[in-house]
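A.B. asks: Give me a 3D structure for the following:
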Amino acid sequence: MGGSVPPANSRLAPLPPEPYDRGATIDIPLDSAQDLQAKEKELKAREADLKRREQELKRREEAIARAGVLMEEKNWPPFLPIIHHDITNEIPIHLQKMLYIAFTTWLGLAACLVWNFVAVTVNWMKGGDPVIWFLALIYCITGVPGAYVLWYRPVYRAMRTDSALKFGWFFLFYTIHIGFCVFASVAPPIIFKGKSLTGILPAIDVLTDNAFVAIFYFIGFGFFAIESLISIWVIQQIYMYFRGTGKAAEIKREAAAKTMMAL
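C.D. replies: Residues are numbered from 1 along each chain as shown. This next block holds a predicted model:
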């Protein structure tokens with residue numbers, strides 16, 4: 001009945017007794033320990049190098065920010081990024097609505113000029129003067145990027161950095177933009193040749209010759225008229241904000257200081 005004897009029908013063989021020596025030591029190869037120390041030193045060196053690079057990058061970004069240079073990554077439109085545009089993350093929430101509508105007027109101007117080109121193309125195909133087609137093309141390919149550079153990007157940066165100078169730049173060229181839209185919605189036969197703009201006067205004139213072409217011109221007149229009204233509302237709202245923040249007085253002080261320095 002001794003417990004040390006396994007049953008006869010057991011399938012497991014008894015384990016051999018394990019040797020036990022209290023004085024036994026475990027030898028660690030010296031080469032492995034040295035390798036671990038070398039790897040640890042290498043990791044520490046890499047970590048120190050990464051920290052140094054991060055500090056250097058942060059220092060450069062701070063220097064750029066102090067110099068007033070903005071880091072702008074092109075992200076709009078998403079399918080073909082050509083400009084930087086991120087109102088949600090870069091513009092204060094109380095200014096976002098105004099800027100979105102200002103952005104709409106830039107897109108609206110693009111729609112007006114593209115439709116103007118289409119209408120003038122239809123007129124030219126119906127026997128109109130080819131010169132007006134080239135003029136409409138010039139308006140289209142220069143007006144959209146010109147508006148972005150001259151007034152939309154300045155107002156975007158003005159609201160992003162709260163720069164009085166950029167606000168002043170915006171007001172100057174946005175006033176010119178409104179003047180052009182109002183002029184284009186009427187399109188008198190001065191300055192711009194004949195029917196190269198789809199205003200109300202060319203639309204009435206074309207109606208006597210070709211009603212089909214006149215439809216395109218009347219639609220173009222509607223586009224320019226709506227663009228003018230929305231643009232007037234935008235400049236009023238931004239100017240009210242501008243005066244309320246005291247930026248107008250700041251611009252006057254800067255202008256007076258520059259005048260004194262010039263003298």
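
A.B. asks: wait, what's in contact with the residue nearest the centre of the chain?
C.D. replies: When the chain is reduced to its mean C-alpha position, the nearest residue by CA atoms, centre = their mean turns out to be His85, at 1.4 Å. Applying CB atoms under 8 Å, 6 or more residues apart in numbering, we find His85 in contact with 75-76, 103, 156. For the C-beta atoms, the positions are set from N, CA and C on the backbone; glycine is no exception.

A.B. asks: How about the backbone phi and psi for it?
C.D. replies: The phi and psi values for His85, taken as degrees, to the nearest 10, are phi -160, psi 110.

A.B. asks: now swap in Ser196 and tell me
C.D. replies: The main-chain torsion angles of Ser196 are listed as degrees, to the nearest 10 and equal phi -80, psi -10.

A.B. asks: show me the residues around it that make contact.
C.D. replies: When the contact criterion is CB under 8 Å, 6+ apart, the partners of Ser196 are 120, 131-132, 135-136, 139.

A.B. asks: now it: how far from Gly128?
C.D. replies: Here Ser196 is placed at a distance of 10 Å from Gly128 (CB to CB, to the nearest Å).

A.B. asks: in what helix or strand does Leu137 lie?
C.D. replies: helix 130-147 (DSSP states H and E).

A.B. asks: I'd like the next helix or strand past that helix.
C.D. replies: With DSSP H and E, the next secondary element past helix 130-147 is helix 153-161.

A.B. asks: Check which residues of the helix or strand just after that next one are buried.
C.D. replies: Following helix 153-161 in sequence order, the next helix or strand is helix 164-186 (DSSP H and E). Within helix 164-186, the residues that qualify as buried by neighbour count (16 or more other CB atoms under 10 Å) are 164-171, 173-174, 177-178, 180-185.

A.B. asks: So Val206 sits against Leu197, correct?
C.D. replies: No. Under the criterion of CB atoms under 8 Å, Val206 makes no contact with Leu197, lying 11.9 Å away.
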